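# Sequence and predicted structure, then a few things I'm wondering about:
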Amino acid sequence: MKELISINGLCYNYDDICALNNITLKVVEGDALAVIGPNGSGKSTLLKIINGIMFANKGAYVYKGKNINERYMSDNSSSRAFHRSIGFVFQNPDVQLFCSSVYEEVAFGPTQMGLEDREVKTTTENYLKLLGVEHLAQRVPYYLSDGEKKKVAIASILAVEPEVLVLDEPMSGLDPKTKTFIKELVVKLNRAGKTIICATHDFEYVKGMFNRAVVLSEQKTIVYDGAYERVIEDEPFMRANNLK
Amino acid sequence: MPLEFFSQCGTDDFMHIPDNYLSPSTCAVLGAFMLPVWRWGTRKIKKEFSTKNVSLIGVFASFSFLLMMFNLPLPGGTTGHAVGATLIAVLIGPSAACLSLSVALLIQALFFGDGGLISFGVNAFNMAFIMPFAGYFIYVFLKSFYSSERWDRISLFLSAYISLNIGALLAAVEFGIQPILFKSLSGVPVYSPYPLSIAVPAMMVPHLLIAGFVEAVVTVGVYNFIKKTSPRLIRDISGIKLKPVYAMMTAMIILSPIGLLASGTAWGEWSNSEIQKLVGYIPSGMSNGLNYNSFLSGYTVPFIMSDTLGYMLSAAAGVMVIFVIFKVLERAFNAHMDA
Amino acid sequence: MRTWMLNDNFIEKNILSFLGMFSNLRKENIDRTFMSSINPAVKFVSTLLVILSVSLSKSIYYVAIVSGFLLVSALSLDKRSLKKVAIIIAIAFLFASFIMIPSLFILKVSNAVVMILKITVSVLCVNILIYSTPTNQMTKSLKALFLPDILILIIETALKHIVIVGDMSVNMMYALKKRTIGARKKKEHALWGILGVLFIKSTIMSDNMHDAMRCRGFNGDYKSLPSLKLGEADLVYILFVLIIIFTGMVL
């Protein structure tokens, strides 16, 4: 299996506060990785670094053989290719919904990537259907309910067909039906070949979603990297790290 | 309940000029001055850090809008509003503030009927261009004299107060010149009928006595809060030293509206017969097509007395000069910023 | 000196006006009426032209004709909007009259009346546009005025954040209402706090939005999808507007 992500000795500090401490992590194609940790352990920071919107102070992040740093991302075409390959679903959907209709929101990515109008139309319609939001196509995104917003956000990211899908606590604030829907969708996507990296707090609705887990401690380091099922069942470990 | 409707008539404060108080030619002239400003602004966005500026301007346009909407408690139990142009200019820079305020004003006019559509250019000129730039430069100018926290606040207070009153003065002048320049055949003013001698005091008194202070207090209050809680967000302008020539220019800019006012007083003193002589120059054959011609007459006025034309041209030229000065100063400041 | 902070009602006023503002922006589902079925770009340009021609006119008859035309278009609005528009133009009329009273010393009554009517008619015209057009259609119509796409994105961003940040401010004001029983002095600081937090949140949101846009490959070019289809209703409306304007040129 191809190694997509290789992170070595990554540290991130700001204003004398350490957000990530010596992180070393590898992700191969087809992984479904859960990033687990209590509040403030650096999960979001790690995800943002993986997505090339924040850059570490120390250590290396290599994606598909390319060193991802500020210089690399300052070039427009590299940055575009990178963002097309890794998609990021933010925790707060409001942050990433900025078009005035759901249809445009989902069409935004493909249009920006330079697809033909006809292709944009078919892609958009496909992903609206996949997420079950085609009936919302003409609605204004920021007036939708939280669950609907989340689905639109996911659709808009999937529309550029990334190889890796990163999700930051996708279940937060959603009702049970939506949580189940998202879980099933992610499992489907993973089976179809997409690599999944997902930060999560919620262990109830994610059964079967992940094969691997990485646990971040309150000291901002990785304290576990292995099979998902094994760590979830290790009660004392989970409690010691403020996860249960 | 009617209170929010009140604001929808374009009259919640006198600074948002509604339609038909000013002639279309006035609106067109001032709107035309804004066009190059906006073009320059949007081009700047497209060129440098396009995404960052789009999100910046969009979000701060919403902030300006909300700030203008906000009811502030005033002594006596009433509420008032602030414009916040100086505050925003000091926090995000005058050119970003100009665009944000323009967008906020556009949204107010187009989605809420607050401020006219035809007079949008004028409102933008007063509140989105002159106010933030004047406030910003006056602040930097005053701050450069002395370095202390207290003086910082005093300079901000003064610059907010002055910039609001400059805006009000401009609006007053715009109202006041209407009866002189735009009349029907019988010498009757077609738009705002109050000459400068009435318009200026009527606008300036409430702004000098009340609105200016409201603006200044809000500006300093919010600035202090931000400085205390997130000082990193305050643009660092302490290192900027104004060269004497810029100091002189700033002083000129502050004084020039007073110059307009001085010549305005002269206008207000014209006797009736002089006014009739003015109108008498309009050829009688124009009576039918007067609509279209009065629109054009703002630009080419061959039949009006040459000194009126001179006044108009000099006012226009003065504004052009101010614009060029601001542009130059902005570039100079940017050079300092990047250094 | 602090005793003038006695009015708690500024919080009430703010909450009410913000809520009113949201409902104004949120007119997503407008009943199908004649005016709402017209292409928003057509309506927008017509509104501008009508206001302009009223502005240029000096004849009271013309203003009367235009007001007749506008009242007829207004009748096609739904009942609730019609009531609101009626209140708005009543207030505009009263306010303009109030301002014009001192001018009666300089002008004849008929001239003052023309001015007041012109002002009221312009307000009516704009509000018909506002109340018959959903917000997102209005932004699209700006394309018709050759506004650059990037400006349209900025306007849409601004509208979105007005709703989001505005919603947050309303909640802050509700919280303020609950927390300030007695201790009047505190409210002044709360005011700077609310506005200051709004600013700080705005900077955070602007950074977040920037990140999100970068993740979606945004590089400065934004093509908003056009919606310039003209139907029969549009043509009828355009015809009427053109008649109005020609009348204005004649009168």
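The structure has been received and is ready for your questions.
# Contact residues of chain A facing chain C?
Residues of chain A lying near chain C by CB under 8 Å from any CB of the partner chain: A:48, A:51, A:53, A:76, A:79-80, A:83-84, A:87-88, A:90, A:92, A:94-101, A:104, A:107-109, A:111-113, A:139-140, A:142-143, A:156-157, A:160. C-beta: built from backbone N, CA, C; applies to glycine.
# For the longest helix seen in chain A, which outside residues touch it?
Longest helix in chain A by number of residues (criterion: DSSP state H): helix A:176-191. When contacts are defined by CB atoms under 8 Å, 6 or more residues apart in numbering or on different chains, helix A:176-191 is touched by residues A:30, A:32, A:130-132, A:147, A:150-151, A:154, A:158, A:165, A:167, A:170-171, A:174, A:196, A:198, A:202, A:205-209.
# could I get that helix in PDB with only the CA atoms?
The C-alpha trace of helix A:176-191 is given here as PDB (Å, rounded to 0.1, in the frame of the first residue of the first chain):
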ATOM      1  CA  PRO A 176     -28.400  10.500  15.900                       C
ATOM      2  CA  LYS A 177     -29.900   9.900  12.400                       C
ATOM      3  CA  THR A 178     -27.400  12.300  10.800                       C
ATOM      4  CA  LYS A 179     -24.500  10.800  12.800                       C
ATOM      5  CA  THR A 180     -25.400   7.300  11.500                       C
ATOM      6  CA  PHE A 181     -25.700   8.700   7.900                       C
ATOM      7  CA  ILE A 182     -22.300  10.200   8.100                       C
ATOM      8  CA  LYS A 183     -20.700   7.100   9.500                       C
ATOM      9  CA  GLU A 184     -22.100   5.000   6.800                       C
ATOM     10  CA  LEU A 185     -21.000   7.400   4.100                       C
ATOM     11  CA  VAL A 186     -17.500   7.500   5.500                       C
ATOM     12  CA  VAL A 187     -17.300   3.700   5.600                       C
ATOM     13  CA  LYS A 188     -18.600   3.600   2.000                       C
ATOM     14  CA  LEU A 189     -16.000   6.100   0.900                       C
ATOM     15  CA  ASN A 190     -13.200   4.200   2.600                       C
ATOM     16  CA  ARG A 191     -14.200   0.900   1.000                       C
END
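# Identify each buried residue in it, please.
A:178-179, A:181-183, A:185-187, A:189-190 (16 or more other CB atoms under 10 Å in any protein chain shown).
# now stretch A:230-240
Within stretch A:230-240, the residues that count as buried by 16+ other CB under 10 Å are A:231-232, A:234, A:237-238.
# Out of the contacts of helix A:176-191, name the ones that lie in strands.
A:32, A:165, A:167, A:196, A:198 (DSSP state E).
# Quick check: the farthest pair among those?
Maximum pairwise distance among the ones in strands among the contacts of helix A:176-191 (CB to CB): 10.9 Å, between A:32 and A:167.
# Give the residues shared as contacts by those two.
A:186, A:196, A:198.
# Reformat those as a markdown table; add pLDDT.
Shown next, in a markdown table, are the shared contacts of residue A:32 and residue A:167 (pLDDT from 0 to 100):
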| residue | pLDDT |
| --- | --- |
| A:186 | 95 |
| A:196 | 96 |
| A:198 | 94 |
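# circling back to that earlier point, tell me the one among the buried residues of stretch A:230-240 nearest to chain B.
Taking CB to the nearest CB as the measure, chain B lies nearest residue A:238 of the buried residues of stretch A:230-240, at 36.1 Å.
# Which helix or strand contains the closest one?
If you go by DSSP states H and E, residue A:238 is part of helix A:235-240.
# same for that helix, what does it pack against?
Secondary-structure packing of helix A:235-240 (3 or more CB pairs under 8 Å, 6 or more residues apart in numbering or on different chains; DSSP states H and E): helix A:228-233.
# switch to 10 Å and redo it
Here helix A:235-240 touches strand A:222-227, helix A:228-233, going by 3 or more CB pairs under 10 Å, 6 or more residues apart in numbering or on different chains; DSSP states H and E.
# residues in the stretch 151-300 of chain B within reach of chain A, list them.
Applying CB under 10 Å from any CB of the partner chain, one finds that the stretch 151-300 of chain B approaches chain A through residue B:232.
# Is the residue in chain A positioned nearest to chain B part of a helix or strand, or is it coil?
Residue of chain A nearest chain B, by CB to the nearest CB: residue A:98 (8.2 Å). When classified by DSSP: H, G, I helix; E, B strand; the rest coil, residue A:98 comes out as coil.
# ok, now which ones touch it?
Neighbouring residues of residue A:98 by CB atoms under 10 Å, 6 or more residues apart in numbering or on different chains: A:104-105, A:108, A:141-142, A:156, B:54-55, B:58, C:153, C:156-157, C:160-161, C:209, C:212-213, C:216, C:218.
# can you check residue B:225 too?
C:189, C:191-197, C:199-200.
# From those, list just the buried residues.
For the contacts of residue B:225, buried by 16+ other CB under 10 Å: C:191-197, C:199.
# and those residues near chain B, which?
C:191-197, C:199.
# any idea which helix or strand comes after the host helix or strand of residue B:53?
Applying DSSP H and E as the criterion places residue B:53 in helix B:50-69. Once the chain leaves helix B:50-69, the next helix or strand it forms, by DSSP H and E, is strand B:72-73.
# coming back round to it: any chance of the buried ones among the contacts of residue B:225 in CSV, plus secondary structure?
Shown next, in CSV, are the buried ones among the contacts of residue B:225 (three-state DSSP):
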residue, secondary structure
C:191, helix
C:192, helix
C:193, helix
C:194, helix
C:195, helix
C:196, helix
C:197, helix
C:199, helix
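# so which of those comes closest to chain A?
residue C:197 (16.7 Å).
# Give me the distance between the residue nearest to that closest one when sequence neighbours are not counted and residue C:166.
With sequence-adjacent residues excluded and distances taken as CB to CB, 6 or more residues apart in numbering or on different chains, residue C:197 is closest to residue C:172, at 7.0 Å. According to CB to CB, to the nearest Å, residue C:172 stands 10 Å off from residue C:166.
# can you give me the helices for the stretch 51-200 of chain C?
In the stretch 51-200 of chain C, the segments counted as helices under DSSP state H, counting those that start in this stretch are C:60-75, C:79-100, C:109-131, C:135-141, C:149-179, C:186-215.
# what does the stretch 1-150 of chain B give?
Here the stretch 1-150 of chain B has its helices, by DSSP H, counting those that start in this stretch, at B:2-7, B:24-47, B:50-69, B:85-92, B:94-112, B:120-123, B:131-143, B:149-176.
# Pick the most buried one from these.
Counting by mean count of other CB atoms under 10 Å in any protein chain shown, helix B:85-92 has the highest mean neighbour count of the helices of the stretch 1-150 of chain B, with a mean of 29.
# do that one and chain C meet?
Yes - with CB under 10 Å from any CB as the criterion, chain C is reached by helix B:85-92 at B:87-88, B:91-92.
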